[in-house]
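Trainee: 3D model of this:
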Amino acid sequence: MEYGCFGVAKTAGILYNATDNYYQLHYIYVDKNSSMIRRETMKLYEGQKGSTLKVVHMELPLQTERRLEVLGMLEGTKITVVNRKKRGAMIVKIRGTRFAMGQSITERVEVEEV
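Mentor: Numbering: from 1, shown residues only. The predicted model follows:
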């Protein structure tokens, strides 16, 4: 881990989700002047209606990831959650166009709030 300007370092951590029995990669920021560690990213399905999010990482099958890239959803792209369903399906706005995404996609896209 290396500290950049302002004494804050970005590092990756692997967290085990015992409820769903899988591992997740999360990016965390560590302040060298404090013992506080805060989680900055979340899965897309955790985003609230009306929130604006930035795509950090996509862990999808290659064909699905390439299709989303063609549609304009790249790492660093800002997206807006238009609507969401209880089981993880969502309608999102990417560069002015609305797309519906199922749970299998939204649970594999890592985002951060803008």
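
Trainee: Got the domain ranges for this protein?
Mentor: For the chain, automatic domain parsing gives the domain ranges 5-39, 42-113.

Trainee: which stretch in these is the model least sure about?
Mentor: Mean pLDDT is lowest for domain 5-39 among these, at a mean of 53.

Trainee: Strands along the protein, start to end?
Mentor: Per DSSP state E, the chain carries strands over the ranges 8-17, 22-31, 37-39, 41-43, 52-58, 78-84, 90-94, 97-101, 109-113.

Trainee: measure Leu60 to Leu74 for me?
Mentor: To Leu74, Leu60 is 12 Å away according to Cβ to Cβ, to the nearest Å. Yep, even glycine has a C-beta here, placed from its N, CA and C like the rest.

Trainee: Equivalent analysis for Val81, please.
Mentor: Counting by Cβ to Cβ - Val81 and Leu74 are separated by 18 Å.

Trainee: So which of these two has more stuff around it?
Mentor: Counting neighbours by other Cβ atoms under 10 Å for Val81 and for Leu74 shows that Val81 has the greater number, 21 against 14.
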